[in-house]
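Asker: the following comprises the amino acid sequence and a computationally predicted model.
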Amino acid sequence: HIFSEIRALDAHNGQLVVCGKRFGDSYLKLYHSTNNGAIWRECSKAGFRFPTTTYVALDPHRSGSFWVASNGRPKKR
């Protein structure tokens, strides 16, 4: 397991997007994988947190694109 907490997750055709904490993270970040989770890339901007994220969704028509829904605005660290 590489995530200690997952707030939101979506998967489609080998792609995954996660809003969560990997072991060692001090706050929630956005991560994307194009190979069923073998390699993860952080998609969050440096210094931004996503504590109010409620949902993430991959765009099935554009690889690497996804949406993030929340009940508030991201907070800058």
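Answerer: Right, received. Where do you want to start?
Asker: burial of the residue nearest to H1 when sequence neighbours are not counted, as a residue count?
Answerer: Nearest non-adjacent residue to H1, counting by Cβ to Cβ, 6 or more residues apart in numbering: F23, 8.0 Å away. The way it works is simple: take the backbone N, C-alpha and C, and place the C-beta from them, glycine included. The tally of other residues near F23 (other Cβ atoms under 10 Å) stands at 9.
Asker: and the closest residue to I2 other than its chain neighbours, what is it in contact with?
Answerer: Nearest residue to I2, sequence neighbours excluded (Cβ to Cβ, 6+ apart): R22, at 5.4 Å. With contacts defined as Cβ atoms under 8 Å, 6 or more residues apart in numbering, the neighbours of R22 are 2-4, 29, 31, 40.
Asker: repeat the analysis, applying 7 Å as the threshold.
Answerer: By Cβ atoms under 7 Å, 6 or more residues apart in numbering, the contact set of R22 is 2-4.
Asker: return the distance of it relative to I6.
Answerer: Here R22 is placed at a distance of 10 Å from I6 (Cβ to Cβ, to the nearest Å).
Asker: so what's the closest residue to N35 other than its chain neighbours scoring on pLDDT?
Answerer: Excluding the flanking residues, the one nearest N35 by Cβ to Cβ, 6+ apart is G14, at 6.3 Å. With respect to pLDDT, G14 scores 95.
Asker: please name the residues that touch G14.
Answerer: Counting by Cβ under 7 Å, 6+ apart, the residues that G14 touches are 34-36.
Asker: longest single strand anywhere in this protein?
Answerer: strand 3-12 (DSSP state E).
Asker: after it comes which helix or strand?
Answerer: Using DSSP states H and E, the helix or strand that follows strand 3-12 in sequence is strand 15-22.
Asker: what pairs with that next one, parallel or antiparallel?
Answerer: strand 3-12 (antiparallel), strand 29-33 (antiparallel) (DSSP bridges).
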